[in-house]
Structure formats: structure tokens, C-alpha cells
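Novice: 3D model of this:
(chains A and B)
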Protein chains: 2
Amino acid sequence: MKFYDCSTAPSPRRVRIFLAEKDVRIETVQVDLRNGEQFSDAYRKINPDCVVPALQLDDGCCITEVLPICQYLEAQYPEPRLLGESDKERAQILMWNVKAEQQGLLSAADAFRNRTKGFKDRATTGPVSYAQIPELAERGRSRLEQFFRRIDTQLAANEYLAGERYSIADITALVAADFGAWIKLDIPEDAVHTRRWYEQVSARPSASA
Amino acid sequence: MKFYDCSTAPSPRRVRIFLAEKDVRIETVQVDLRNGEQFSDAYRKINPDCVVPALQLDDGCCITEVLPICQYLEAQYPEPRLLGESDKERAQILMWNVKAEQQGLLSAADAFRNRTKGFKDRATTGPVSYAQIPELAERGRSRLEQFFRRIDTQLAANEYLAGERYSIADITALVAADFGAWIKLDIPEDAVHTRRWYEQVSARPSASA
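Specialist: Have a look, this model is predicted:
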């Protein structure tokens, strides 16, 4: 297997943390996003959507998008379980992962890409160029703050986002929170349980991945 | 189990089609989105994010978001497999489902909710009110059209989106295409393979769900 990564980007970091939690090392190729390597003919063959991460299997087949990559890795390296065990636990973990993606990570991406100078006309990932929409940057910022409050109630009653087990949902929410720092958005002071959780998941060795 | 649905809405339709393919009937409760029932105290207890679908298990636990609901249903009613069988097939189906969601369905939702009169200040789902952003409606429209061209290459070489088996990825893309009709966006004439696929999946009995 070969993992296409970019060590500075939030999305592939989710896979890096996932691998670190499982203590698995696989061959890794850095894709130079800063210099547009994701748009090269060579990388388009790996992923026509021109984003990292991608996982190339030994038969040449490429899996892209974080969740399917992690699902595949979980099947190869089951322990520790990051996608849950029972049907119900698996559903709850996936549910919180979806919420962390849609309310957290996508909000942070909207906020960052729609106002950062270097992303002019690169307001979305992918091969097509889209102009920035400043109002969407504002909306993204507000939605990310809303997300931190949304999970505060959940984290008041649970050690981790989906319950008593650290999971992929925590990885996604951690990456969203650290993405928030790029737009200088802290977890609100009054979201005390989210802050407690953030300290805790950031202290895990995997967080440096 | 109890399924919280709204018979006119695209997201729960994904679950309805999923159930129809498996020929499973479960107790269904209609949530009146038009009159704001999703914001009622009673429904907030089911899903604080105020969206359908939701699946309440017999122990009272609620699973929300389409993918975890479908994953749970697949575990209870395995046949026919809509999430794949081998690790590799499961990864490919999930990958195409993510793409259909992010490039197809979210684009259609952006296009629809950011310009439709009835959704003024309701430009996103959920409990918080956000103003419409007309430029985002335009971007969503363009991205949905782009998605139809993106999958055309894949559908030139495969009967279904993720390969030779009808899957959840086809359900998501079909719902995105029908959502496109709400904003009067047809599948482009030159995306002939996408049009062939659309005819085929629309002709399945489950499509009327």
C-alpha cells in the first residue's frame, strides 16, 4: 500500500492520526500542494479530484476520501477499534464523524478557503477554479463556533465524542478544531466540556501526526 | 425501530430507497418540515440538529445522518448488499458515496437553499438561521453540473457508480440528480453515460420511494 499525503494539510492528517493510533507505518508519498502537484498528470491518475489523501492498494487500485480509506485500514489493522464494534456503537461513531465533518471540518474549510489570500480563485478543493465568497467565510466561522457548542452537551456526558471510546469522530473533530486555529477561532470559553476534551485528545501521541 | 421521515425531502429519501431495495418496512413517522415540526421540543429530543432522517432503536437510542442509519440497517438486513462485501468493494462504494454526497448532494442543496424564496434565512439545515448567499447558489449549480461530468467517465466503464453492483452510491447520486431538477438543472446532454445510468436507476421500483 502507498499513502499519498501532504504533511501540512488537515484532511490527510486525519489518516495520519488514524494510523498513529494503530501504530501502523505504511509507505508514504508527499504531494506538494503548495506548488500544485495535485494537478499534475501523474497525480490525476491517482485521484482525478486532485485532493489528498489517497491510498493506492498493491493491485494499483486507488481509494480516495478519508472515510473509505480509514474503513479499509480498520479492516486490515483492526486494533484498536476506531470505527466501533457492535452495530449500535458503529452507528454512533459514524454519526458523530459525519457531524464533525459537516458541521466542523467543512465549516472550517469554508471559513479558511473563502478569505485566505493564497486561495484566491481556489475557494474549493478540486480541479475547477471557484472565486472566494467572503459571506461564506463568515458563515463557516459562525458554524464552526456553533459546532463547538453543539458538541459541548455531548462531551458533558461522555469522555469522547461518540461515548466512552476514542474514535474516528474524535480525530475528525480534533482536526476541525486545529483547522479553526488557522482562522484564529478558539473553542469558546464557555464550552468547558469541549475544551476539556480538546486538551485530552491533543495530549495523545497521535495528535502530533 | 422507528424511522423519522419527511416524504418530500431528499435526505430521508436516500433511506427510503435503501429500505425499498431491501424490501424492508419499518414503522415510519412523518415530520412536517414545511410547518417547522423539526424545531419542536419533541423532535429536538430525537435529533438536536433538527433534520430528518432519524432512526430510533428499540432501546430509545437515536441514530441520525443517512450513512450511519444505512450502515445500521445493512447490519440488520444484509441482503441485497448495498455497502459492498469485500474490503476493497466496501471502500470503493463508500468512496463514491462520499463523492456523490459532497460533490452532488451538497452542491444541489447549496444551489436550492441559497436562492429559493421559501428558504430565506434558512440557507442551511439545522437550528441556527443563516441568510442566503446568492453566489453560493451559483457555485452549487456549477458544481452539480461538474459532478455529472465527473461521474460520466466512471459510468462509461461501469454499469453502476462504484462498479458492477448497485449500491448506496447510486442512491445518493440519484437523489442528487433529482434534487437538481428542483433547480431546473438537467444532466448535461453530452454526459451520455450519466444519462444512461440515470434512466437505469430511475427505472428501479425503489426509485419511487
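
Novice: Return the helix or strand harbouring A:K88 as PDB; C-alpha atoms alone will do.
Specialist: With elements delineated by DSSP states H and E, A:K88 resides in helix A:87-99, which encompasses its position. In PDB, the C-alpha atoms belonging to helix A:87-99 read as follows (Å, rounded to 0.1, in the frame of the first residue of the first chain):
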ATOM      1  CA  ASP A  87     -23.700  -2.400  15.300                       C
ATOM      2  CA  LYS A  88     -25.000   0.300  17.600                       C
ATOM      3  CA  GLU A  89     -21.600   1.600  18.600                       C
ATOM      4  CA  ARG A  90     -20.500   1.600  14.900                       C
ATOM      5  CA  ALA A  91     -23.600   3.700  14.000                       C
ATOM      6  CA  GLN A  92     -23.000   6.200  16.800                       C
ATOM      7  CA  ILE A  93     -19.300   6.700  15.900                       C
ATOM      8  CA  LEU A  94     -20.100   7.100  12.200                       C
ATOM      9  CA  MET A  95     -22.900   9.600  13.200                       C
ATOM     10  CA  TRP A  96     -20.600  11.800  15.200                       C
ATOM     11  CA  ASN A  97     -18.000  11.500  12.500                       C
ATOM     12  CA  VAL A  98     -20.500  12.800   9.900                       C
ATOM     13  CA  LYS A  99     -21.400  15.700  12.200                       C
END
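
Novice: now that helix, how far from the centre of its chain.
Specialist: 15 Å (Cα atoms, centre = their mean, to the nearest Å).

Novice: quick one: the strands in chain A?
Specialist: Ranges of strands in chain A, per DSSP state E, are A:2-5, A:27-30, A:54-56, A:62-64.

Novice: just how off-centre is the last one within its chain?
Specialist: Shown here is strand A:62-64, whose average C-alpha point lies 16 Å from the average C-alpha point of the whole chain (Cα atoms, centre = their mean).

Novice: got a list of contacts for it?
Specialist: Strand A:62-64 is contacted by residues A:46-47, A:49, A:51, A:53-57, A:69, A:72, B:91-92, B:95 when judged by Cβ atoms under 8 Å, 6 or more residues apart in numbering or on different chains. Bear in mind the C-beta positions are built from the backbone N, C-alpha and C, glycine included.

Novice: Parallel or antiparallel, list what pairs with it.
Specialist: For strand A:62-64, sheet partners with direction are given as strand A:54-56 (antiparallel), following DSSP bridges.

Novice: and for the helix holding A:K88, what are the contacting residues?
Specialist: The list of residues contacting helix A:87-99 from outside it, by Cβ under 8 Å, 6+ apart, reads A:67, A:82-84, A:147, A:150-151, A:154, A:161-163, A:165, A:167-169, A:172-173, B:49, B:57, B:61, B:63-65, B:67-69, B:71-72, B:75-76.

Novice: Now, those that are in helices?
Specialist: When helices are assigned by DSSP state H, the members of the contacts of helix A:87-99 inside them are A:67, A:147, A:150-151, A:154, A:168-169, A:172-173, B:67-69, B:71-72, B:75-76.

Novice: Of the residues you listed, which pair is most distant in space?
Specialist: With distance counted by Cβ to Cβ, no two of those lie farther apart than A:F147 and B:Q76, which are 30.3 Å apart.

Novice: quick one, which of these two is more surrounded?
Specialist: Under the neighbour definition other Cβ atoms under 10 Å in any protein chain shown, A:F147 and B:Q76 were set side by side, and A:F147 has more, 26 against 11.

Novice: The more buried one touches A:L105, doesn't it?
Specialist: No: A:F147 is beyond contact range of A:L105, at 9.1 Å (criterion: Cβ atoms under 8 Å).

Novice: what residues are shared contacts of the two?
Specialist: If you check A:F147 and A:L105 against Cβ under 8 Å, 6+ apart, the residues they both contact are A:A176.
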